[in-house]
Every structure is written in C-alpha cells, then in structure tokens.
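Q: Sequence first, predicted coordinates after that:
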2 protein chains.
Amino acid sequence: MFEEILKHIEEVIQLDPTEIERFTSVLVRKKLRKRQFLIQEGDTVSYEYFVAKGCLKAYEIDDNGDEHIIQFAKENWWISDFKAFFEEGKATLNIDCIEESIVYGIEKQDLENLFLDIPKFDRFFRIKLTSAFVALQNRILSSLDKSTSERYLDFLTAYPNLEQRIPNYMIANYLGVKPESLSRIRKTIVKG
Amino acid sequence: MFEEILKHIEEVIQLDPTEIERFTSVLVRKKLRKRQFLIQEGDTVSYEYFVAKGCLKAYEIDDNGDEHIIQFAKENWWISDFKAFFEEGKATLNIDCIEESIVYGIEKQDLENLFLDIPKFDRFFRIKLTSAFVALQNRILSSLDKSTSERYLDFLTAYPNLEQRIPNYMIANYLGVKPESLSRIRKTIVKG
C-alpha cells in the first residue's frame, strides 16, 4: 500500500522496519477524482501531500477571477500550500486534480514529531527542499530573460513526460503566455 | 570572530563546544570591497556563503547585456549560485557587493561531511530551506498577479530595513519595473 512513497524516501535515506512502521502510521491516504479540490483558498492547511498517482495543479485566483498556475505535481512530487502549511495560516492557493489521483498526506504536528524521533527525515527533506529551491530559482530566472520557446523547453526539463498529460491552455497559463502562442511554439519544436 | 554566524545557527539548533569547534574549523572568512565580485559567471562554485556584514546582489546578464537581479542578501542571509553549488556546475549568476561586506564560506564537501558528523545541521538547513522555498514561491506569486505597488510592499516585507541601503534602480530591476515608476510609487507610499 505504501510502496511508492517508501521507494521515494528510500532513494535518499535507509529506514529499518520500526522506522517504516512509525512513518507509515502517520500517513493518510486520499483518493481524488478528476477536478476534485485537495485544498481550497481559505482552508486551514494541516497537511502536505505526496503524489502516489495522478497529476494536480496549484493556482491562485486574482481579483478578476483569472487563474495563475504556480505548480504542477505528478507522481513522486510533494504538494501543498506550503506557506499556509509551514506558517499555519489560511490557504491562498487552490489545488485540484488534473487526473484522478492518489495522495498520501502528513499532518504538520506528526511531521514535526517525526523529525524529532527520526532525524534522518531532516536529511530527507533537506535534500528534497534543496532541489525544490533550485527549481523555483530556475523558474524565476527563466521568466526574467528568456523567450517563450526557451521557457517551454525549461518546462519540459522541469516536468519530464508531463506535457502529454496536461492540456495546452494550462501549460500556457503556467508559462504566462497565450494558448495560441504556445501551440505555434509546440508545432515549431516538433518540426525541429 | 564567528559571533554572528554562531548566533544565527543557535537560534535554530544547540551546539556543544566540540561541535562549535568542528563547525567553525571549516569556515573561510572573506572581506570584500564594495562592487567586488564574490562569484562571476563561469566560475566553479565550491562555496555557499553566510553574510556576516554588508549587502550583496545576485544577478544574471542576458544576451543583450542587461542585468536581472534575482536575490539580495544582507546580514544573516545565505547566498551563492545555489544551482551551480549543489549540482557542481559552472556559475550562471554573478554575485557582487552593494556595500563593503564580510562573508563566511563553507565548501561543498565540508558541508556534506558536516551533515554526516553532526546531523543537527540537516535540521538547521531543512528549516532555513523551508523559509527560503516559501519566500521564492511568494516572489513568483507576487510577480504573477500583483500591481507594482503591491510587489514593492512584498519586497519591503521580504527584505525588512533594506530599502535605504539599496539604490532605487536596483530595487526597480529586482521588481522588473522602470526606475521612474518605482520612484512614483515610493513617493505615494511615503505620503500614505
């Protein structure tokens, strides 16, 4: 049942059977339909989530009602409204499912206790956060001075094998460009 | 000599005298003049740096020779070309001093050994990286759907007491707006 998440953890740290038991005992499994909300703006955010199956998106809705996608998450990614989760505030993001999905949630206090009981998890999340931090910095750099087609190529690198699973208009939204411009770019790239 | 960095660390984890000795033995102190480079594009990046005194900026130079500032760092911040540092590639960023500065550098292999010898440092950097990750995500959200004056207010929150130490045109560059627009906004905000 916890196969995917344990594999993901054990790529970085080794756990003995007692530690596996301790870790999996705090996980909450959620099965979500396509378009179902995992987190909605205004919610109290008590959990962060590991994606075992499926694909989700995190986005903000502005005063005009327009969506701005900040993150996609597929298998082996972690997702939450991290600001609200870590600072114990209300969600400003919405997270919903692009596909039917299965996630494992871990509650804030359970996670804090886990760090104290099994400090190897500090190491695990330190390493994961390092990659996440570098990826976000790349995204900012990418938006500052690159052309749309370079940014689309950066998207393909950041989210390998995801472009077939996400509608064109969502990728365009993530990149902050018009869907028509992105379609043109995708055709040019396919042609080479 | 290591007063500032030890105070910074001990706000998060407690170190005994042996651990302090072990940690400080790998630190390299650097005194830098105003405008001096800490890292230049193309350099091998072996160190990440803690700012004990002064103020620095990290920026990318695009194909037209224009600078794009990605990060400022003042006292108690960490700075490097993190992508190059963690992935052991060449620097794509430049980092130089806005003021005369003092930094403490730690070398990649020394840092990895420190994590193995004193796992509390995993915890320290896990907590610091969490804040850094949330701050970067805020910066992306801020750029997606906020007005320039809201983004300037976000800058003031992210970098408290820094707006007097950095020239207007650098803050405008960081926000991606014209210096004249920022001057207008700053006047309006001061007037209230």
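A: Done, it's in.

Q: for chain B, what are the nearby residues on chain A?
A: Within chain A, the residues that sit near chain B (Cβ under 8 Å from any Cβ of the partner chain) are A:60, A:62-63, A:66, A:68, A:70, A:82-83, A:86-87, A:92, A:115, A:119-120, A:122-123, A:125-126, A:129-134, A:136-141, A:143-145, A:176. Placement of C-beta: from N, CA and C, glycine included.

Q: how many neighbours does residue A:24 have?
A: For residue A:24, the tally of surrounding residues (other Cβ atoms under 10 Å in any protein chain shown) stands at 15.

Q: now swap in residue A:110 and tell me
A: 17.

Q: show me the contacts for residue A:143.
A: Counting by Cβ atoms under 8 Å, 6 or more residues apart in numbering or on different chains, residue A:143 touches A:151, A:176, B:140, B:143.

Q: dump the residue contacts of the third one.
A: For residue B:140, the set of contacting residues under the criterion of Cβ under 8 Å, 6+ apart consists of A:70, A:136, A:139-140, A:143.

Q: my guess is residue A:96 contacts residue A:56, does it?
A: Yes. Contact criterion Cβ atoms under 8 Å: residue A:96 and residue A:56 qualify, at 6.6 Å.

Q: Now list whatever residues contact both of the two.
A: Joint contacts of residue A:96 and residue A:56 (Cβ under 8 Å, 6+ apart) are residue A:38.

Q: So between these two, which is more surrounded?
A: residue A:56 (24 against 18).

Q: what sits opposite the more buried one in the beta ladder?
A: Beta bridges link residue A:56 to residue A:73, residue A:97 when assigned by DSSP bridges.

Q: was I right about it contacting residue A:75?
A: No. In this structure, residue A:56 is not within contact of residue A:75 by Cβ under 8 Å, at 10.7 Å.

Q: Just the CA trace of the lowest-mean-pLDDT helix or strand in chain A, in CSV.
A: Least confident element among the helices and strands of chain A, by mean pLDDT, DSSP states H and E: helix A:179-191 (a mean of 87). Extracted in CSV, the C-alpha atoms of helix A:179-191 (Å, rounded to 0.1, in the frame of the first residue of the first chain):
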residue,chain,number,x,y,z
PRO,A,179,-2.5,29.4,-25.7
GLU,A,180,-2.2,30.3,-29.4
SER,A,181,1.4,31.4,-29.0
LEU,A,182,2.2,28.1,-27.2
SER,A,183,0.5,26.0,-29.9
ARG,A,184,2.7,27.7,-32.5
ILE,A,185,5.8,27.1,-30.5
ARG,A,186,5.0,23.4,-29.9
LYS,A,187,4.5,22.9,-33.6
THR,A,188,7.8,24.5,-34.4
ILE,A,189,9.6,22.4,-31.9
VAL,A,190,8.0,19.1,-33.1
LYS,A,191,9.1,20.0,-36.7
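
Q: Report all helices and strands that it contacts.
A: Contacts defined by 3 or more Cβ pairs under 8 Å, 6 or more residues apart in numbering or on different chains; DSSP states H and E place helix A:179-191 against helix A:148-158, helix A:168-175.

Q: Would you tell me which of these gets closest to residue A:48?
A: helix A:148-158 (19.6 Å; Cβ to Cβ).

Q: and that closest one, how far out from the chain's middle?
A: Counting by Cα atoms, centre = their mean, to the nearest Å, helix A:148-158 is centred 17 Å from the centre of its parent chain.
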